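In: A predicted structure for the sequence below; I have some questions about it.
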Amino acid sequence: MRIVGLTGGIASGKSTVSNLFKSHGVPVVDADLVAHDVVRKGTGGWKKVVAAFGNDILLENGEIDRARLGQIVFSDSTKRQLLNRLLAPYISSDIFWEVMKLWLKGSKVQRLVARDGIPEEQARNKINAQTALDWKKTKADIVINNSGTIEETELQFQEVLNQVSRPLTWKELALSREGVFWVFLSAIVGVLVVQKNLK
């Protein structure tokens, strides 16, 4: 199983590429949905956020008012960093377990995606708070430039899909579910052979 991370700035086309992966049967773990889940009422993330930001961020039903919290954190970098520190362990853990479930099922490709849907003013604040796109490009193995037409994006996506769908390398195979199975089976056979020879 290969893990493919998808990132980009606001309105950069992450959802378009994510939907292309989904339409080709590639499982998707959506980091934004995970982030929503970790702050549901009563969760550990919810408790930490409410303790840090107070009851003013709560709706009448006790859920976090995401729009209100967004206004607070995207206009104050210190509060944004605090929120990130509070939720990162929960988000990372949940993403890990979602990927682990896919690995156990034997999924062939994994995709992580974050989606955004916020008002324009918050979007500007969020853009200013994000890591520079040029820096992200330097860290990427593959870049899809979707500033052109949807057809051009789809062509680039096809090339990426071909790359991530190619057969696994020996190292990747060793880390796959099948590879772990064969290593485990080989170890058991080895132990049985050694025990038989010691008798």
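Out: Ah, there it is.
In: Just checking, which helix or strand of this structure averages the lowest pLDDT?
Out: Least confident helix or strand of the chain, by mean pLDDT, DSSP states H and E, is strand 109-113 with a mean of 43.
In: which stretch of helix or strand covers residue 61?
Out: In this structure, residue 61 is located outside every helix and strand according to DSSP states H and E.
In: That one reaches residue 41, doesn't it?
Out: Yes - contact between residue 61 and residue 41 holds when scored by C-beta atoms under 8 Å: they sit 7.5 Å apart. In short, each C-beta sits where N, CA and C put it, glycine included.
In: neighbour count winner among these two?
Out: Comparing residue 61 with residue 41 by neighbour count (other C-beta atoms under 10 Å), the higher total belongs to residue 41, at 13 against 6.
In: Just say helix, strand or coil for that one.
Out: Of the three states, residue 41 takes coil under DSSP: H, G, I helix; E, B strand; the rest coil.
In: Quickly note the distance from it to residue 2.
Out: Summarising the geometry, the distance separating residue 41 from residue 2, computed by C-beta to C-beta, to the nearest Å, is 36 Å.
In: Residue 167 too?
Out: Residue 167 sits 11 Å away from residue 2 when distances are taken as C-beta to C-beta.
In: Settle it for me: which of the two has more neighbours?
Out: Each of residue 167 and residue 2 had its neighbours counted (other C-beta under 10 Å), and the higher figure belongs to residue 2 (17 against 6).
In: So in terms of bridging, what pairs with the more buried one?
Out: With DSSP bridges applied, residue 2 shows beta-bridge pairing to residue 109.
In: how about the strands of the protein, start to end?
Out: With DSSP state E as the definition, the chain shows strands at residue ranges 2-5, 28-30, 109-113.
In: Give me the buried positions along the first one.
Out: I take that to be strand 2-5. Neighbour-count burial for strand 2-5 flags 2, 4 (criterion: 16 or more other C-beta atoms under 10 Å).
In: Output that strand as CSV, nothing but the C-alphas.
Out: As requested, C-alpha coordinates have been extracted for strand 2-5 and formatted as CSV (Å, rounded to 0.1, in the frame of the first residue of the first chain):
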residue,chain,number,x,y,z
ARG,A,2,1.3,3.4,-0.9
ILE,A,3,0.4,6.5,1.1
VAL,A,4,-0.1,9.6,-1.0
GLY,A,5,-0.5,13.0,0.8
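In: Show me what that strand is packed against.
Out: Helices and strands touching strand 2-5, as assessed by 3 or more C-beta pairs under 8 Å, 6 or more residues apart in numbering; DSSP states H and E, comprise strand 109-113.
In: Just confirm residue 156 contacts residue 146, I think it does.
Out: Yes - contact between residue 156 and residue 146 holds when scored by C-beta under 8 Å: they sit 7.3 Å apart.
In: gap between residue 42 and residue 62?
Out: From residue 42 over to residue 62 the distance is 8 Å, taken as C-beta to C-beta.
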